[in-house]
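Visitor: Curious how this folds, go ahead:
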Amino acid sequence: MGASASRCLAARGAGPEPNAPELLLVVLSQVPPRTLLGRCRQVCQGWRDLVDSQALRLLILTRDHSATGRALLQLARPQHKALPAGPLLRAQTHRTLPIRNPCGQEGLRKCMVQHGGDDWVVEENRTTVRGAPSQTCFVTSFSWCCKKQILDLVEEALWPELLDSGRIEICVSDWWGAQHDSGCMYQLLVQLLDANQTVLDEFSAVPDPIPWWNNNVYLHVTHVFSNIKMGVCFVSFKHWGQDTEFWAGHYGAHLTNSSVIVQVCLP
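Guide: Numbers count the residues shown, from 1 in each chain. Got it, this is the predicted structure:
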């Protein structure tokens, strides 16, 4: 990285070769993000490497003394490796939190479950869900099956200063569907909790059931929490499903690719 950048600078008469990358980092840290991404990265491979580097991210964040800036500086340090260069330099950045085992690729591990009917099972998707980490899904039965996870935001390196900064949004997403010859029902409840598990905000979805002969459809449910109250520490993600015919076996809602994304709106 350093040699490539030095050659670019030496060719342009930018100064002594040994110090060129360090000097250029200081200069680039003063450049507006849009210019960094749109122009500076196009100069040569050496400049591209510097714009994308951890060192430049740290220089930019060190100058930001706001609560958001201090928290992002912690996230950007090497031990966390949480923020890639591109999103950091744009107007917003985001962090996907680990809904554990979101597609059932590990069976029912890491989930708090309540069984109904003939219990939960995991099957292969009958329709591809783009972007899912695994083409498998949780399948419900003839009475309500419930599954829940609670995410600890602080344990996921989202520091209290950042969570209370007023500059975050929490985006939740879930996919649910049916097999073609059976209808199904679905519900979702996502709650933001404080350190005492008190509910600060919540979102619920109870969409219309999927009918018979549905071509193995999957539907997408999303919600964005904004104007988040101070003190948020946890996200509780809970969903249910069952079939509409009350058949023995596993003909109920198929649930997969659940996610939670914390999005930081930079000034």
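
Visitor: where does the closest residue in space to residue 182 that isn't next to it in sequence land on pLDDT?
Guide: Nearest in space to residue 182, with sequence neighbours left out and distances taken as C-beta to C-beta, 6 or more residues apart in numbering, is residue 251 at 3.8 Å. (C-beta placed from N, C-alpha, C; glycine too.) In this prediction, residue 251 carries a pLDDT score of 93.

Visitor: Make residue 1 into 35 and carry on from there
Guide: That works, and once the first residue is 35, the last one we named lands at residue 285.

Visitor: Check the gap between residue 285 and residue 63 for me.
Guide: Between residue 285 and residue 63 the distance, using C-beta to C-beta, to the nearest Å, works out to 58 Å.

Visitor: Of these two, which one has the most company?
Guide: residue 285 (24 against 18; other C-beta atoms under 10 Å).

Visitor: Quick check: that one touching residue 218?
Guide: Yes: counting by C-beta atoms under 8 Å, residue 285 sits close enough to residue 218 to count as a contact (7.3 Å).

Visitor: can I assume residue 255 is in contact with residue 237?
Guide: No: using C-beta under 8 Å, residue 255 makes no contact with residue 237, being 9.3 Å away.

Visitor: Can you pull out the low-pLDDT segments for the stretch 135-284 of the chain?
Guide: Counting by pLDDT under 70, the ranges of the stretch 135-284 of the chain that qualify are 191.

Visitor: residue boundaries of the strands in it?
Guide: Chain-ordered strands for the stretch 135-284 of the chain, with DSSP state E, counting those that start in this stretch as the definition, fall at 146-148, 155-158, 170-173, 179-186, 202-211, 218-227, 233-239, 252-259, 268-277.

Visitor: Kindly report the domain assignment for this structure.
Guide: Taking the TED database as the domain assignment, the ranges for the chain are 54-126, 129-298.

Visitor: could you pull out the helices for this protein?
Guide: Counting by DSSP state H, the chain has helices at residues 36-45, 54-62, 67-72, 79-85, 88-96, 101-110, 119-123, 194-197.

Visitor: Mean pLDDT lowest where, among those helices?
Guide: When these are compared on average pLDDT, helix 119-123 comes out lowest at a mean of 39.

Visitor: Can you report how many residues lie near residue 241?
Guide: When neighbours are counted by other C-beta under 10 Å, residue 241 registers 12.

Visitor: quick one on the thing from earlier: okay, the strands of the stretch 135-284 of the chain in TSV with mean neighbour count and distance to residue 80 next?
Guide: As requested, those are exported to TSV (neighbours: other C-beta atoms under 10 Å; distance: least, C-beta to C-beta, whole Å):
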stretch	mean neighbour count	distance to residue 80
strand 146-148	12	51
strand 155-158	15	47
strand 170-173	26	44
strand 179-186	18	40
strand 202-211	22	35
strand 218-227	21	44
strand 233-239	14	47
strand 252-259	16	39
strand 268-277	21	42
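
Visitor: which other helices and strands contact the longest strand seen in the chain?
Guide: With residue count as the measure and DSSP state E as the assignment, the chain has strand 288-299 as its longest strand. Strand 288-299 is packed against strand 126-131, strand 170-173, strand 202-211, strand 268-277, with contacts defined by 3 or more C-beta pairs under 8 Å, 6 or more residues apart in numbering; DSSP states H and E.

Visitor: Bridge partners for residue 255, pull those for me.
Guide: Going by DSSP bridges, residue 255 is paired in beta bridges with residue 208.
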